[in-house]
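Asker: I'd like to go over a predicted model; first the sequence, then the structure.
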Amino acid sequence: MDIIKVSEQPVAENPHGIDVRRIYDSEHALSSHLTLKPGEKLIRHITPVDVFFYVLEGAGIVEVGNEECEVSKDTVINSPKDIPHCWYNRSDADLRILVVKVPRPSTGTKLL
């Protein structure tokens, strides 16, 4: 059994400039923990695989395709592959999100 403490994982270099920590990486899936501080956002991008997000803490705006929705803790959002998506934290508290990509991507994310 592997036990992973998010706080002990290094922050991964990323084009968004936010706190991203890889917490699971296998040949089948990739999972990361994102923390968006108040006012932070992701760059709109496209992933080559399906992604689902689980909001662990806080509230934020998720954009998938042409849809935008305010979401909060304990919400799951599906983002199909090849569809642009983005996250915004317009609140005054941290937004923490679990990101799971299935299957594990073999090519990179495309920034828009």
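Answerer: Arrived safely. Numbering: from 1, shown residues only.

Asker: Which strand residues bridge the residue positioned nearest the centre of the chain?
Answerer: With distances taken as Cα atoms, centre = their mean, residue 99 lies nearest the centre of the chain, 4.3 Å away. Assessed by DSSP bridges, residue 99 has beta-bridge partners residue 32, residue 53.

Asker: Let me see the ranges of the strands in the protein.
Answerer: Under the criterion DSSP state E, the chain contains strands at 19-25, 30-36, 45-46, 50-57, 59-64, 67-72, 76-79, 85-88, 95-102, 110-111.

Asker: Include mean pLDDT when you put these into TSV, please.
Answerer: Converted to TSV, the strands of the chain look like this (pLDDT from 0 to 100):
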stretch	mean pLDDT
strand 19-25	96
strand 30-36	97
strand 45-46	98
strand 50-57	98
strand 59-64	98
strand 67-72	97
strand 76-79	98
strand 85-88	98
strand 95-102	98
strand 110-111	96
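
Asker: Distance to residue 13 for those - can I get that in TSV?
Answerer: Bear in mind the C-beta positions are built from the backbone N, C-alpha and C, glycine included. Below are the strands of the chain laid out as TSV (distance: least, Cβ to Cβ, whole Å):
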stretch	distance to residue 13
strand 19-25	8
strand 30-36	12
strand 45-46	15
strand 50-57	19
strand 59-64	22
strand 67-72	27
strand 76-79	22
strand 85-88	18
strand 95-102	16
strand 110-111	14
